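# Any chance you could fold what I've pasted below:
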Amino acid sequence: MFVKAPDDAVHAAPRVVQRQALRLVRHVAAGTLLFMALVSCQMLAGLEDRRTAGDAAAEQDGIAGGVGFSGRSGASAEEGGTAGRSANDEQAGGAPVRQTRVDHGGMAGETNEAGAAATGGKAEGGAGAGGASAGGGAEDGTDGGGAETANGGTEAGGASTSAEAAGTPATGGAAAGGTAAAGGVIQAGAGGSLSGPGGAVGSGGNQTGGTAAAGATGAAGGAATGGLGGTSTGGAPTGGLGGTSAGGAATGGLGGTSTGGAPTGGLGGTSTGGTASGGAPAVIGPCDIYAEGSTPCVAAYSMVRVLSSAYSGPLYQVRKGGGSENTGSGGTTQDIGAVEGFADAAAQDAFCGTDTCTVSKLYDQSGKGNDLTVAKKGCYNCPNSNACQDDYESDAKGRSLTVGGHSVYALYMNPREGYRNNQTIGMPTGEQSQGIYEVADGRRVGAHCCWDFGNASTDNCYGATGGMIALFFGTAYWGTGAGSGPWFMADFEAGIWAGGSGDSGASNPNNPSMKVDYAFGALTTNATDYAIRAGNAQSGDLTTAYDGSAPVGQWTLQGGIILGIGEDNSNDSWGTFFEGAITWGRPTLATDEAILKNVQAAGYGK
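Okay, the predicted model is just below:
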């Protein structure tokens, strides 16, 4: 039986239910808030524990206040004062974050590493620079749009993410900070290796880490990591290409300039005001280019500069007290090394003083150990010629010049002066292909036989055509080129060719006259062909004088090395040698062109 309820009861029931539901919701919400508060307290306690443990570990690793690194590309040091510090250790992706703090006399920023940028965070006093920070809160300051103001200091700049793995690019924004005192060296870890080709390079911005004391080995400041052409003042540019570091330690960079600090490792860099300890020369040399073209240097010499980034030994040796007509004995000797990639002329000046000094040895920079010493007598036109006498060492002070802003000396050779090595390692023999380049003075040349540089006999005597391959420079009395010379030509024995495969006395109008301050020449050969190329070592392009068949049926190379003489010690000519190398294998035209550009970049006469 159905009984209809009164209308007021029907309307009252929903109101009762609503009130009960509201009370229940309020109780649930209060309980939830209480639970969340408890959880938050536990989380905060855990974070503080981790921060304390991280700081302790950092101090044990030597991160705070001195030299330290922890296998990452970040750096850390404390030098008085507490600086801004990020308090949030969260990161995207759920992986734990390794925090590294940089405190430099009131300037700091903290980097959250492990491959992700930290978000949030709180700055606690001091002026901070760098670090990963986005949208965090600030004490006694304001936060808006990613910039934080903390206790009167300002931290500006975007988020910066440090890369963990070698070859991973690290990107950063512009950061500006306070003043850093000179401190320990900040080194790179696994985040930016230069060993081996490949790997991505970061495109960092300009990071200013403050002012460092001049001449300090390593200075306080931020670390610019993996940047292309970025500028780091007071910090250490690590693993970057180019860039300038003032006051810091340039570590592993290719190119760039370090002012006031000590460049260590890497290719390139110019150090001003500091001490260059170990490391590599200022620029990539010709032997690096030849190696890239699979035609490595097997002999390389210069009294001017380093020719290979792999070479760190002396460039040449001088002899004092042996007399001007010295055939290789007496007196005392001293090796002359390189400073910033160029010969240390100051060391030579200090050793020689006002005494007579001669060049007693040219060190081979190829790594083969094919050093050159004064040549011994040969077999040409004996017993009445200079060739039948031992040669003299050249005057070590005969020619000074400026290259790339550095004062250096050249090998200034007169008649009856020559250098040789008959016991070589790794030189081409038989019909093996080879290449030669040379830089010489185009305004001081001889007209006799034979100012050569190249591959010759090992018995100081002559043979049939094809027994030697050497680059001749001068006028002499065989073939000719355009104008009045001098010309770079090919000495294959029993004749010197300006080009062609016929008679050695033929003229080649395509062979340019090289009467310039600094002349560049190249001679390359294989089993059947040869090429002669020439150019101005200061500017311009390379000219191919000849590229075609050789005038010999078969090469019979012996692998000796001569400089300033013919293979039979013909020593009546003269010239001034700046640098040159011999390669295993025949370089391409593109490689020869790259060698010329490298020589021009060295800055002869500048």
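
# The helix or strand hosting Phe453 packs against which elements?
According to DSSP states H and E, Phe453 maps onto strand 452-456. Judged by 3 or more CB pairs under 8 Å, 6 or more residues apart in numbering; DSSP states H and E, strand 452-456 is in contact with strand 434-440, strand 469-474, strand 560-563, strand 575-584. Just so you know, the C-beta spots here come from the backbone N, C-alpha and C atoms, and that holds for glycine as well.

# Make JSON lines out of these and add distance to Ala447.
As requested, the helices and strands packed on strand 452-456 are exported to JSON lines (distance: least, CB to CB, whole Å):
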{"stretch": "strand 434-440", "distance to Ala447": "15"}
{"stretch": "strand 469-474", "distance to Ala447": "6"}
{"stretch": "strand 560-563", "distance to Ala447": "19"}
{"stretch": "strand 575-584", "distance to Ala447": "11"}
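
# Can I get the ones you listed in CSV including mean pLDDT?
Converted to CSV, these look like this (pLDDT from 0 to 100):
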stretch, mean pLDDT
strand 434-440, 98
strand 469-474, 98
strand 560-563, 98
strand 575-584, 98
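
# Compare those and give me the one nearest Lys597.
Nearest to Lys597, of all these, is strand 434-440, at 12.1 Å by CB to CB.

# C-alpha coordinates for the closest one, CSV please?
Presented in CSV, the C-alpha positions along strand 434-440 are these (Å, rounded to 0.1, in the frame of the first residue of the first chain):
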residue,chain,number,x,y,z
GLN,A,434,106.4,11.6,-50.2
GLY,A,435,105.8,15.3,-49.8
ILE,A,436,107.9,18.3,-48.9
TYR,A,437,107.1,21.9,-47.9
GLU,A,438,109.5,24.7,-47.0
VAL,A,439,109.4,28.4,-46.0
ALA,A,440,112.4,30.4,-47.0
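
# can you state the direction angle for that strand and strand 575-584?
Taking axes from the mean of the first three to the mean of the last three CA atoms, to 10 degrees, one finds strand 434-440 and strand 575-584 inclined to each other by 160 degrees.

# Just checking: what are the partner strands of strand 434-440?
Applying DSSP bridges, strand 434-440 is found paired with strand 519-525 (antiparallel), strand 575-584 (antiparallel).

# Mind checking what helix or strand follows the longest one in sequence?
When you say that, I think you mean strand 575-584. Scanning forward in sequence from strand 575-584 by DSSP H and E, the next helix or strand is helix 589-602.

# so that next one versus strand 519-525, what angle?
Relative orientation of helix 589-602 versus strand 519-525 (the same axes, to 10 degrees): 160 degrees.

# Now tell me what touches helix 589-602 from outside.
Here helix 589-602 makes contact (CB atoms under 8 Å, 6 or more residues apart in numbering) with 283-286, 289-290, 293, 295, 304-305, 403-404, 435, 437, 439, 520, 522, 524, 531, 533, 535, 537-539, 541-542, 544, 547, 579, 587.

# ok, back up a step: any idea which of the strands paired with strand 434-440 is most buried?
Mean neighbour count (mean count of other CB atoms under 10 Å) peaks for strand 519-525 among the strands paired with strand 434-440, with a mean of 28.

# For the stretch 401-550 of the chain, which segments are assigned as strands?
With strands called from DSSP state E, counting those that start in this stretch, the stretch 401-550 of the chain shows them at 406-409, 411-413, 419-421, 434-440, 452-456, 469-474, 487-491, 496-497, 519-525, 529-536, 543-549.

# what's the closest of those strands to Tyr604?
Nearest to Tyr604 among the strands of the stretch 401-550 of the chain is strand 434-440 (7.3 Å), distances taken as CB to CB.

# tell me the contacts of Phe520?
Going by CB under 8 Å, 6+ apart, Phe520 touches 437-439, 534-537, 542, 596, 599.

# Filter those residues down to the buried ones and hand me the PyMOL line.
Selection of buried members from those for PyMOL, criterion 16 or more other CB atoms under 10 Å:
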select buried, resi 437+438+439+534+535+536+537+542+596+599
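
# And the contacts of Phe520, which is closest to Cys461?
Glu438 (23.7 Å).

# if we can go back for a sec, out of the strands of the stretch 401-550 of the chain, which gets nearest to Gly481?
For Gly481, the closest of the strands of the stretch 401-550 of the chain is strand 487-491, at 4.0 Å, according to CB to CB.

# Restricting to C-alpha, output stretch 340-356 in CSV.
Taking Å, rounded to 0.1, in the frame of the first residue of the first chain, the C-alpha atoms of stretch 340-356 are listed here in CSV:
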residue,chain,number,x,y,z
GLU,A,340,103.5,29.7,-26.4
GLY,A,341,104.3,27.8,-29.6
PHE,A,342,107.2,29.9,-30.7
ALA,A,343,111.0,29.6,-30.2
ASP,A,344,112.3,31.0,-26.9
ALA,A,345,114.7,33.5,-28.4
ALA,A,346,115.2,35.1,-25.0
ALA,A,347,116.7,31.8,-23.8
GLN,A,348,119.2,31.9,-26.7
ASP,A,349,120.1,35.5,-26.0
ALA,A,350,120.7,34.8,-22.3
PHE,A,351,122.9,31.8,-23.2
CYS,A,352,124.9,33.3,-26.1
GLY,A,353,125.2,36.8,-24.8
THR,A,354,127.9,38.6,-26.9
ASP,A,355,129.7,35.3,-27.7
THR,A,356,129.7,33.6,-31.1
